[in-house]
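>>> Next one to model:
(chains A and B)
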Amino acid sequence: GQQVMQIPQYQHVQEGEDFTTYCNSSTTLSNIQWYKQRPGGHPVFLIQLVKSGEVKKQKRLTFQFGEAKKNSSLHITATQTTDVGTYFCAGPGSGGSNYKLTFGKGTLLTVNP
Amino acid sequence: KAGVTQTPRYLIKTRGQQVTLSCSPISGHRSVSWYQQTPGQGLQFLFEYFSETQRNKGNFPGRFSGRQFSNSRSEMNVSTLELGDSALYLCASSLGEAPSGANVLTFGAGSRLTVL
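From the prediction side, this is the model:
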């Protein structure tokens, strides 16, 4: 079945440093979504990428969708303590699994102030 | 507007018992998905319902079941609980009418189940 892999599993940075998490799918995706889960919270939608090679920015966050639509990345510039949490990528299945969103295991980001 | 509401938020059960969790989606959302979250396995897809029909099911044993009512509210049931069923069960709603993945999920706060 479809697999979505994320690396690294954990990342600890000093406040002000940059952070990047990578997501790879075993299958071509029609789109990819990113979610953030704060400690003790629930996943919250950040963004959706649809087009091959798409790049979107949200303030200090930059999201990219690969040309082959099988990989994606999230880059945070100058991390802040508010960025702490687990970042998940998620992609839909294909065919009969269209409505199943498969999540990567996430990257836990901790920030040392 | 109100978000996704899950009840109960916390519960403790013993092995062999059964449990029913409830989810009320955002008004107007017709799709409800359920996920199991554990530290080791991350977010594992259980099933998705749209207009009272299960469209997709994850790789969980038959002890895990769900249903959706005509008002889009959903329940999931786990029978014959095992220690390994201890997890955060998350419900997420979406419009459900667009093609695959175009539906953004809005998650509830989850139901944390502890099996002793």
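>>> When you work out contacts or count neighbours from here on, use the C-alpha atoms and nothing else.
Fine.
>>> And for residue 25, nearest residue in space, chain neighbours not counted?
Just so you know, I chose chain A. A:V4 (4.4 Å; Cα to Cα, 6 or more residues apart in numbering or on different chains).
>>> that's the other chain; I wanted chain B
B:V4 is the one closest to B:P25 (Cα to Cα, 6+ apart), at 4.7 Å.
>>> what's that neighbour in contact with, if anything?
B:23-26, B:91-93, B:106-109 (Cα atoms under 8 Å, 6 or more residues apart in numbering or on different chains).
>>> What parts of chain A come near chain B?
Chain A has residues A:30-33, A:41-45, A:48, A:91-94, A:96-106 near chain B, with proximity defined as Cα under 8 Å from any Cα of the partner chain.
>>> low-scoring stretches of chain A, by residue?
A:95-98 (pLDDT under 70).
>>> Any residue of the helix or strand bottoming out on mean pLDDT in chain B touching chain A?
When each helix and strand of chain B is scored by mean pLDDT, DSSP states H and E, strand B:53-57 comes last, with a mean of 91. Yes. Applying Cα under 8 Å from any Cα, one finds strand B:53-57 touching chain A at B:55-57.
>>> Closest to B:W34 out of these?
Among these, B:K57 lies closest to B:W34 (Cα to Cα), at 9.6 Å.
>>> How about the contacts made by that closest one?
A:100, B:45-48.
>>> Looks to me like A:Q48 is in a strand.
Yes. The assignment for A:Q48 by DSSP: H, G, I helix; E, B strand; the rest coil puts it in a strand.
>>> need the contact list for the residue nearest to it when sequence neighbours are not counted.
Spatial nearest neighbour of A:Q48, excluding adjacent residues (Cα to Cα, 6+ apart): A:Q33 at 4.3 Å. A:Q33 sits next to A:45-49, A:89-91, B:104 when contact means Cα under 8 Å, 6+ apart.
>>> Relative to the helix or strand containing A:Q33, what are the paired strands and their orientations?
For A:Q33, the element it lies in under DSSP states H and E is strand A:32-37. Its sheet considered, strand A:32-37 pairs with strand A:44-49 (antiparallel), strand A:85-92 (antiparallel) by DSSP bridges.
>>> For the last one, list the C-alpha coordinates in CSV.
Okay, so that is strand A:85-92. Written as CSV, here are the backbone C-alpha positions of strand A:85-92 (Å, rounded to 0.1, in the frame of the first residue of the first chain):
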residue,chain,number,x,y,z
GLY,A,85,5.5,20.7,17.6
THR,A,86,5.2,17.8,15.3
TYR,A,87,4.9,18.5,11.6
PHE,A,88,3.1,15.9,9.4
CYS,A,89,2.8,15.6,5.7
ALA,A,90,-0.1,13.7,4.3
GLY,A,91,-1.1,12.4,0.9
PRO,A,92,-4.3,10.9,-0.5
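>>> Could you list every helix and strand in contact with the next helix or strand after it?
Scanning forward in sequence from strand A:85-92 by DSSP H and E, the next helix or strand is strand A:101-103. Strand A:101-103 is packed against strand A:85-92, strand B:42-50, with contacts defined by 3 or more Cα pairs under 8 Å, 6 or more residues apart in numbering or on different chains; DSSP states H and E.
>>> swap the cut-off to 7 Å and go again
Packing partners of strand A:101-103 (3 or more Cα pairs under 7 Å, 6 or more residues apart in numbering or on different chains; DSSP states H and E): strand A:85-92.
>>> quick one, the strand it packs on and strand B:42-50 angle?
50 degrees (axes from the mean of the first three to the mean of the last three Cα atoms, to 10 degrees).
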